[in-house]
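> build me a model:
(one chain, ligands or ions: 1)
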Amino acid sequence: MPATSATALVIGGGIIGRTCALALQRRGWTVTLVDHDATGNAASWGNAGHIATEQIEPLASLATLRSAPGNLHIFGGPLDLREPWRHLPWIGAWLRACAPARFESGRNALRCLLAGALPAWRRLASSLGDPGLLQEHGHWMCWESPASTGRGRESWTTKDIGNARAFDLSADELAQLHESAPAARIQGGIGFDGTAQISDPALLAKRLASRFAEYGGTLLRATVRRLDREGRRVHVVTSTGEVFDADQIVVCAGVASRPLMESIGVHAPLIAERGYHLQWTQHGWPEIPPVVFEDRSIIVTRFSGGLRVAGCVEYARPDAPPDPGKWARLARHASELALPVQGQPSRWFGARPTLPDYLPALGCCKQFDNLAYAFGHQHLGLTLAAISGELVADACSQRDVAISLAPFDLRRFS
Ligand SMILES: Cc1cc2nc3c(=O)[nH]c(=O)nc-3n(C[C@H](O)[C@H](O)[C@H](O)COP(=O)(O)OP(=O)(O)OC[C@H]3O[C@@H](n4cnc5c(N)ncnc54)[C@H](O)[C@@H]3O)c2cc1C
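Presented below is the predicted three-dimensional model:
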C-alpha cells in the first residue's frame, strides 16, 4: 500500500462499504469502517449470491409496470406493497422513471456499469487470495409450462443482456435439473454464460474482513446517528455523541443511507425492497449453477454452507417486522418442487436499497468537499460491489474514473 496520511471513514460494512473500503486502502487511504451489525444480518450476506451481469434492464420500466398486477402476493406472486400510502412519493418517482426515454438512458448506464462488474470481481477475488470465491459457471433458468417456456425463452434470447450469453440447456443439464427438482414439471430451460456466483456469502464476508484488517483498517462498532455539516465539510456523529472527522467520508449504509444523507439536506429517495430466504444445511442438491425458477420468481443457489432458496419483493418500512407468509411461500415452492432438503431451514429477511430509477447512487457529493456515496444497488448490490468500490475510490482519489458517474449522481432526484 502506498503510505499516506489521508483518512477515509466508510459508513456501512455491507458488501458495498467493504469493497469501497478495500479499494480506498489500495489507493493509499487509511480507512475506518463504521458498522453496528455484528451479526452479519445485512442484505449483503443474505442474498442469492448471483453475479447477475445479464440484468441490463432497469426494473423502472413499462414491462415491470405491466407485469405488476399478476405478480402480487395476494395472488400467490412475489410482489407485496405493505402500507402503500407511505410509498406514494416513491411510486410517483418510479412511474416517471418508467418513461421510455428515462428507461433507455438507465439501460445504457447500467450496461456500462455491468460490463465492468465481472472483471472487477475477478480482481477482487484474486486480491482476497481466494479466486475460488467467484464461480464463473453462469446460471440456469427454467419454466414449468409450455407457454411460459415460449415467453421466457423468447424474452431472454432477444433482449439486451450485455456481455452475458443465453443458450439452450443440453439434454444432460435438463436431466440434472429434473433430478434436482423431481416434482417440477420442467418444460424448458436456458443457461447463461458470463454470469457467476459467489461460493459462499459468509466466506466472502470473512475474506473481506481479514484483508481490510491486514491493510491496517480499523473497524468501529457504532451506529452513525447523523451527519453534521460545517460549511463544505461533513462530520459523522454516532449514537453515543462521538464526532468523527475524516478527509473523506463515504456513505454506504444501504437503505439507512437515506436518513444519513437527509440529515445534511441531500435527498436520497431510497426504499426498502425486502427479500426473504430459507437455507438448509443438509441437502442433496448437486453442484450446478444457481437456478432461477422463473414462473415462481425464486432462485435456488448452492453455497458451500448450504442450499438457499431466495425471493420476494416486499416494499415495507425497513424496520417493519417480517411477514411469515413470505417464508411460507418459499417453503411451499421448495416442497412443490420436492427439493432434496432435510431438517429445518434457517430463515432470513433483508432489504435491497432501491432508488426510484433502479440505478445506484455513486460518486462524490458535489455540495461538500469530503463526502462521497455508494448505495441504492437494489437487486444488483453483490453484482456491482467490486466495480462500485473501484469507481468510487478512484473518484475520491481524483484519479481517472473508468466510466462516467453522471447517471449515478444523486442530484438527479433534487
Ligand atoms: C433476497 C435477496 C436476494 C438478493 N440476491 C442478489 C443477488 O443474487 N445478486 C446481487 O447482486 N444482489 C442481490 N441482492 C441485492 C443485494 O443483496 C443488495 O443490493 C446489497 O446487499 C446492498 O448492499 P449494501 O452494502 O449497500 O447494503 P447492506 O447489505 O444493507 O449493508 C449496509 C450496512 O450498513 C450498516 N449500517 C446501516 N446503517 C448504519 C448506521 N447508521 N451506522 C452504522 N452502520 C450502519 C448495516 O449494519 C449494514 O451492515 C439480493 C437482495 C435480497 C434481499
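> show the model's pLDDT score for the residue of the stretch 51-200 of the chain found nearest the ligand.
Residue of the stretch 51-200 of the chain nearest the ligand, by CB to the nearest ligand atom: Ala52 (5.2 Å). For every residue, glycine as well, the C-beta is placed using N, CA and C. Per-residue pLDDT puts Ala52 at 98.
> same check, this time on Ser346
pLDDT at Ser346 comes out at 98.
> list the contacts for it?
Counting by CB atoms under 8 Å, 6 or more residues apart in numbering, Ser346 touches Leu278, Gln279, Thr281, Gly306.
> near the third one, how many other residues are there?
The criterion is other CB atoms under 10 Å. On that basis, Thr281 has 13 neighbouring residues.
> the second one now?
A total of 19 residues lie near Gln279 under the criterion other CB under 10 Å.
> the strand or helix carrying Ala21: which residues count as buried?
Using DSSP states H and E, Ala21 falls within helix 15-26. Residues Ile15, Ile16, Gly17, Arg18, Thr19, Cys20, Ala21, Leu22, Ala23, Leu24, Gln25, Arg26 are the ones in helix 15-26 that count as buried (16 or more other CB atoms under 10 Å).
> got the confidence number for the residue lying closest to Arg232 once chain neighbours are set aside?
With sequence-adjacent residues excluded and distances taken as CB to CB, 6 or more residues apart in numbering, Arg232 is closest to Asp369, at 4.5 Å. Listed pLDDT for Asp369 reads 97.
> who in the chain is up against the ligand?
Where the chain comes near the ligand, counting by CB under 6 Å from any ligand atom, the residues are 11-17, 34-37, 42-44, 47-50, 52, 223-224, 252-254, 256, 275, 277, 310, 350, 352-353, 375, 377-383.
> tell me how far the helix or strand His277 falls within lies from the chain's centre.
If you go by DSSP H and E, His277 is part of strand 271-280. Centroid separation for strand 271-280 versus its chain: 11 Å, with CA atoms, centre = their mean, to the nearest Å.
> mind listing what the helix or strand just after it pairs with, with the direction of each?
Downstream of strand 271-280, the first helix or strand assigned by DSSP H and E is strand 282-283. Strand 282-283 has the following strand partners under DSSP bridges: strand 341-342 (antiparallel).
> who's in contact with the partner strand?
Contacts with strand 341-342, where a contact means CB under 8 Å, 6+ apart, come from Trp280, Gln282, His283, Gly284, Trp285, Leu307, Ala334.
> again with stretch 251-266
Stretch 251-266 is touched from outside by 10-12, 14, 16-17, 20, 42-44, 224, 226-229, 234, 267-272, 318, 351-354, 361, 365, 367-368, 371-376, 381, 410, 414, with contacts defined as CB under 8 Å, 6+ apart.
> just the residues you listed: which are in helices?
Assignment to helices by DSSP state H places the following of those there: Ile16, Gly17, Cys20, Ala43, Ser44, Gly381.
> report the two of these separated the most.
Cys20 and Ala43 (15.9 Å; CB to CB).
> quick check: buried residues in stretch 270-283?
Those would be Leu270, Ile271, Ala272, Glu273, Arg274, Gly275, Tyr276, His277, Leu278, Gln279, Trp280, His283, for stretch 270-283 by 16+ other CB under 10 Å.
> how many other residues sit next to the residue lying closest to the fifth one once chain neighbours are set aside?
Leaving aside its sequence neighbours, Arg274 sits nearest to Glu314 (CB to CB, 6+ apart; 4.3 Å). Using other CB under 10 Å, Glu314 is surrounded by 23 other residues.
> kindly report the same for the one 10 residues further on.
The criterion is other CB under 10 Å. On that basis, Pro324 has 11 neighbouring residues.
> and the helices in the chain?
Using DSSP H, the helices found in the chain span residues 15-26, 43-46, 62-67, 88-97, 100-115, 117-127, 146-158, 171-180, 201-214, 257-262, 324-337, 381-396.
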